[in-house]
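Engineer: missing the sequence, but the structure's below:
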């Protein structure tokens, strides 16, 4: 059975590229969301195997989304991988305190992203 991954990123071209790579190279089903709010709706409606989450987004950033997911007993066990462009030294400290599976830096390598995700999630 195919894995189902929610891809949340406000940058359309990057979100589309991630979804295409995960579908074509990984054989996984993707559900795109352009914001944390849209992502929260999808989490309620879908059964997910993982979430690929952009950290820097307007309105609701990745950290706010993460907190809501982890606060809900129905969604707190969904593995989360952060997708981020700007990683500051303080961010690594903050990331280390989160219950996440890993971090993929932007720009990501389209050829390697499926392998990275599969390794992080032991798929």
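Structural biologist: Cool, the structure landed. Just so we're clear, the structure is a prediction, and the values are computed from it rather than from any experiment.
Engineer: for residue 17, which non-adjacent residue is closest in space?
Structural biologist: residue 110 (6.2 Å; CB to CB, 6 or more residues apart in numbering). Bear in mind the C-beta positions are built from the backbone N, C-alpha and C, glycine included.
Engineer: can you tell me the SS state at that neighbour?
Structural biologist: Look at residue 110: counting by DSSP: H, G, I helix; E, B strand; the rest coil, its state is coil.
Engineer: ignoring the adjacent residues along the chain, who's closest to the residue most central in space within the chain?
Structural biologist: Closest residue to the average C-alpha location of the chain: residue 52 at 1.2 Å, with CA atoms, centre = their mean. Of all residues not flanking residue 52 in the chain, residue 7 sits nearest, at 4.8 Å (CB to CB, 6+ apart).
Engineer: over to residue 65?
Structural biologist: residue 36 (3.8 Å).
Engineer: give me phi/psi at the closest residue to residue 85 other than its chain neighbours?
Structural biologist: Ranked by CB to CB, 6+ apart and with sequence neighbours excluded, the top spatial neighbour of residue 85 is residue 106, at 4.0 Å. Dihedral angles of residue 106 (phi, psi; degrees, to the nearest 10) stand at phi -90, psi 150.
Engineer: so where do the strands sit in the protein?
Structural biologist: Secondary structure of the chain (DSSP state E): strands located at 4-8, 29-33, 50-54, 80-84, 102-105.
Engineer: ok, back up a step: how far away is the residue nearest to the centre of the chain from residue 90?
Structural biologist: Counting by CB to CB, to the nearest Å, the gap from residue 52 to residue 90 is 23 Å.
Engineer: rewinding a little: you'd agree the residue nearest to residue 65 is up against residue 58?
Structural biologist: No. Counting by CB atoms under 8 Å, residue 36 sits too far from residue 58 to count as a contact (9.2 Å).
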